[in-house]
Structure formats: structure tokens, C-alpha cells
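Undergrad: Here is the input, now give the coordinates:
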Amino acid sequence: MKKLLLLLLIGSFSISLIQAQSLDEVLKNYYTTVGGLENWHALQSTRMIGRANQMGMEFPFTMVMTRPNKQKLVVDIQGTEYVEAFDGRTAWTINPFMGGTEPQKKSSEESTEAAKQMFEDDLMDYESKGHQASLEKNDNVDGTKTFVVKLITKAGDERFYYIDQENYVPLMIKTFATAGQMKGMPIEQHLSDYAEVDGMMMPHSMTTKVNGEVVAQLTFDKIETNVSVSDDLFAFPKGN
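TA: Take a look at the predicted model:
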């Protein structure tokens, strides 16, 4: 009985070890394919210029992001700006779809959620950030075989990365909304049209689905790295 128990323990340990080695191999290939951790760690900011397709209409946009988590998206909707921004503490918006053209601060819950959207993806060097990762059962994304990496962040949020088994780039990232009207709903970001930008492979097309329904499509016509950006760009406008 003791011998059988010992064999079971050894077998369990071996399976865990093999899984850990497989995860390390998948991530090593992923890091190498997208340009290496050193290049991504050196990246301080990006500016993406492109087109957003929503409800059958196309709008030009500019998205700027800097470390650690400041971000601003400006969409030109027939001469009126739609803005989503986070200055490191407060999330705010200008939403003409809701009948307003003045900046409005978002709820504290939404600001907390925005703060989690780090400039450097959490899967990059995940262990040093206090996250946990595991290799799940393989799956398909639009007919392409993928490795599935489950990431549990230090804050307890779950994220699933579907990595192309042949090219080792993420084809989809699935998260779950933790704030706002979509709270609890699965959000899928489908990534495609990878191209090299200053030595790093970046997707130039992103489709976002909520509960399986397409809510936005972004095409990045130009991506600039390490651009000079003032913190004022992200700040909630004074006098509001």
C-alpha cells in the first residue's frame, strides 16, 4: 500500500513537472517570436493610429499608451471626439453617443478596472509580477490550433491566452469584465495581421467580442514606439 502511494505521488509529481516544462517551452517560444523580453521591457510608450469599425461605420482613431498604465483613445466621429482615458488614478470619458460632449469621470470601480490594464502585458515575465500561469487543454480559434495559457493575476483576475501552435503569437485573449454594465461577461480580443515594429511583432488588427457578439473592430495603420508623451495628455481636463 505504501509502495502504491509512493508511485502515485511520484507519478503526480512527474505530470506536474512535464506540464511546467511544456508551459515554459510555449512561453519561451512566444517571447522569442514577438521580439524578446528585453525589447518589450525597454518599450516605454506606443502611439497607434488607425480605423475603428462599429455598427457598419468607420472612424479614424488614435490610441496612446505609456508605462505603467496610462492610456487614451480618441475616436473622431464625424468631427466629434469620443474619448476613453486613464491618467493613472482616474478613468474618464467623453461620450457623444450618450448625448454629451463634456468630459465625465467614471466610477471608482471603473477606475480600479482601468488601473489593471497595464502597458506591458501581464503574461510577459509573469512570475516577477506575482501572477500564476498554467497550460490548459489545447483549443482552436477560427480553425487554428492553439495552446491555451491560463493566467491568474495577483489581484485574482483570470485571463486566457490562445497562442498559435505554429507561429507562437496570441490569436485571442479572453477576459471577464469586472465592472460596468458588462460585469461578468466574457470579453474576447481576436488578434491578427501581425507585423514587425522596431524589432517586435505586434498585431495590426483587433476584433473585440462580448458574449460572442462583435462590438468593435480596430485596424492599426501605423504603430510608433517610444514616442515622447506628456502626462497632461491623459489628465482629466481642468475646469471640469
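Undergrad: how close does the spatially most central residue of the chain get to residue 23?
TA: Taking Cα atoms, centre = their mean as the criterion, residue 121 is the residue nearest the geometric centre of the chain, at 6.1 Å. Distance, residue 121 to residue 23, by Cβ to Cβ, to the nearest Å: 16 Å. Heads up, the C-betas are built off the backbone N, CA and C, glycines and all.
Undergrad: Quick one: residues contacting residue 107.
TA: 179, 180 (Cβ atoms under 8 Å, 6 or more residues apart in numbering).
Undergrad: swap that for residue 218, sorry
TA: By Cβ under 8 Å, 6+ apart, the contact set of residue 218 is 50, 51, 52, 53, 61, 205, 206, 207, 208.
Undergrad: Now name the helix or strand holding it.
TA: Assignment of secondary structure by DSSP states H and E places residue 218 within strand 213-225.
Undergrad: same question for that strand, mean pLDDT?
TA: Per-residue pLDDT values over strand 213-225 give a mean of 95.
Undergrad: again, but for stretch 138-155
TA: Averaged across stretch 138-155, the pLDDT comes to 96.
Undergrad: And that stretch, how far out from the chain middle?
TA: Between the centre of stretch 138-155 and the centre of its chain there are 13 Å (Cα atoms, centre = their mean, to the nearest Å).
Undergrad: Name the residues of that stretch that come out as buried.
TA: Within stretch 138-155, the residues scored as buried using 16 or more other Cβ atoms under 10 Å are 141, 146, 147, 148, 149, 151, 153.
Undergrad: Likewise for stretch 182-202?
TA: Those would be 188, 189, 190, 191, 194, 197, 200, 202, for stretch 182-202 by 16+ other Cβ under 10 Å.
Undergrad: what's the average pLDDT for the helix or strand containing the fourth one?
TA: Secondary-structure assignment from DSSP H and E places residue 191 in strand 186-197. Per-region confidence: strand 186-197 scores 97 on mean pLDDT.
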